[in-house]
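Chemist: sharing a sequence plus its predicted fold:
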Amino acid sequence: MLVIRRIHVRLRLKAEELHWETAKRVHAFFADKCPVFRSLKAAIAMTTELILEPLPALSPPEPSPIR
């Protein structure tokens, strides 16, 4: 029989660095608002990890050919 004792959730977010503080604040409380987490936390040890990655730099659009 399989018995799950712990779950580790790794959240990877690609965002502009100016939004990282907001993401960290939300990560600090989101689990308490998540119905799945709230249902399981009494029976299973659950942890979360937030991995922030910068968005890749956007290339400027190619100029249209002039006719």
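Modeler: That came through, no problem.
Chemist: hang on, Ile51 packs against Val9?
Modeler: No - the pair Ile51 and Val9 does not pass the contact test of CB atoms under 8 Å, sitting 11.0 Å apart. Where you see a C-beta, it was placed from the backbone N, CA and C, and this is true even at glycine.
Chemist: tell me where this protein has strands.
Modeler: 6-15, 45-54 (DSSP state E).
Chemist: and those strands as JSON lines, adding distance to Val36?
Modeler: JSON lines is the format used below for the strands of the chain (distance: least, CB to CB, whole Å):
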{"stretch": "strand 6-15", "distance to Val36": "10"}
{"stretch": "strand 45-54", "distance to Val36": "9"}
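Chemist: could you dump these into JSON lines with mean neighbour count and distance to Ile66 added?
Modeler: Shown next, in JSON lines, are those (neighbours: other CB atoms under 10 Å; distance: least, CB to CB, whole Å):
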{"stretch": "strand 6-15", "mean neighbour count": "11", "distance to Ile66": "36"}
{"stretch": "strand 45-54", "mean neighbour count": "12", "distance to Ile66": "35"}
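Chemist: rebuild the ones you listed as a markdown table, extending it with mean pLDDT.
Modeler: Converted to a markdown table, those look like this (pLDDT from 0 to 100):
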| stretch | mean pLDDT |
| --- | --- |
| strand 6-15 | 95 |
| strand 45-54 | 95 |
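Chemist: and the residue most central in space within the chain, what are its bridge partners?
Modeler: When CA atoms, centre = their mean is applied to the chain, the residue found nearest the centroid is Leu11 (3.6 Å). Per DSSP bridges, the residues bridged to Leu11 are Leu50.
Chemist: among the strands of the chain, which is nearest Asp32?
Modeler: strand 45-54 (11.1 Å; CB to CB).
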